[in-house]
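K.L.:
Test case, fold it:
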Amino acid sequence: MSEAPITDWSRGLPLKAGDWFIGLYQPSPETKGYWDGVAQRELRLKHCRACNRDFHPKRIVCTDCGSDALEWKRASGRGTVYSFSDVHRAPSPAFAGSTPYVVGLVHLEEGVHLFTRFEGGKVAIGAPVRVDFRVLELGNLMPIFRVEAA
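P.N.:
Okay, the predicted model is just below:
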């Protein structure tokens with residue numbers, strides 16, 4: 001009986017699905033409006049015209065009413081920290097100079113959760129945050145959320 005090989009994750013490991021890298025900036029047809037907004041320093045969500053609900057940018061149909069009448073809507077850019085984790089070990093050499101940093105989920109006023117980087121003050125569950133835009137390690141402009149004074 002042979003043992004399974006042990007993967008060395010110390011330098012990061014790019015994850016791919018076909019030609020797509022997972023978790024990296026890479027617009028797709030269903031998210032083009034989101035990335036167009038980011039280029040204009042505007043946070044956009046999908047919005048269902050049929051039932052008036054907001055969704056994550058990757059949604060292609062409304063999960064409430066099934067409508068495909070989705071349009072892009074500018075989000076308020078305000079929310080709260082839903083969860084977070086301190087990153088002390090760089091996932092790849094490009095991030096080595098940035099550690100430690102904080103990533104997690106933001107709960108937007110519109111009811112949508114997004115994965116993001118947090119910056120600014122003390123990150124804590126429920127802390128108020130506001131969107132900002134910054135060029136991150138891989139050279140792309142990305143939305144991040146800054147902790148606001150309570």
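
K.L.:
for the chain, which strand is longest?
P.N.:
Looking across the chain with DSSP state E, the single longest strand is strand 78-87.

K.L.:
Buried ones in that one, by neighbour count?
P.N.:
78-82, 84 (16 or more other CB atoms under 10 Å). Yep, even glycine has a C-beta here, placed from its N, CA and C like the rest.

K.L.:
likewise stretch 104-122?
P.N.:
Those would be 104-108, 110, 112, 114, 116-118, 120, for stretch 104-122 by 16+ other CB under 10 Å.

K.L.:
what's that stretch in contact with?
P.N.:
45, 53-56, 75-76, 78-85, 101-103, 123, 127, 129, 132, 134, 136, 142-149 (CB atoms under 8 Å, 6 or more residues apart in numbering).

K.L.:
what are the ranges of the helices in this structure?
P.N.:
Along the chain, counting by DSSP state H, helices occupy 32-39.

K.L.:
shaky segments in it?
P.N.:
Scanning the chain for pLDDT under 70 picks out the ranges 1-2, 4-26, 150.

K.L.:
Report the beta-bridge partners for the closest residue in space to V102 that isn't next to it in sequence.
P.N.:
Sequence neighbours aside, F118 is the residue nearest to V102 in space, at 4.4 Å (criterion: CB to CB, 6 or more residues apart in numbering). Note on F118: beta-bridge partners by DSSP bridges are V102, F145.

K.L.:
I'd like to know how far F118 sits from S76.
P.N.:
Noted for F118: a distance of 17 Å to S76, by CB to CB, to the nearest Å.

K.L.:
do the same with P100
P.N.:
In terms of CB to CB, P100 sits 29 Å off from S76.

K.L.:
out of the two, which sits in the busier spot?
P.N.:
S76 (12 against 9; other CB atoms under 10 Å).

K.L.:
Please name the residues that touch that one.
P.N.:
When contacts are counted by CB under 8 Å, 6+ apart, S76 touches 108-110.

K.L.:
And V123, by the same measure?
P.N.:
81, 84, 102, 104, 147.

K.L.:
What ranges does this protein have for its strands?
P.N.:
For the chain, the strands defined by DSSP E occupy 16-17, 20-21, 44-48, 54-55, 70-74, 78-87, 101-108, 113-120, 128-135, 141-147.
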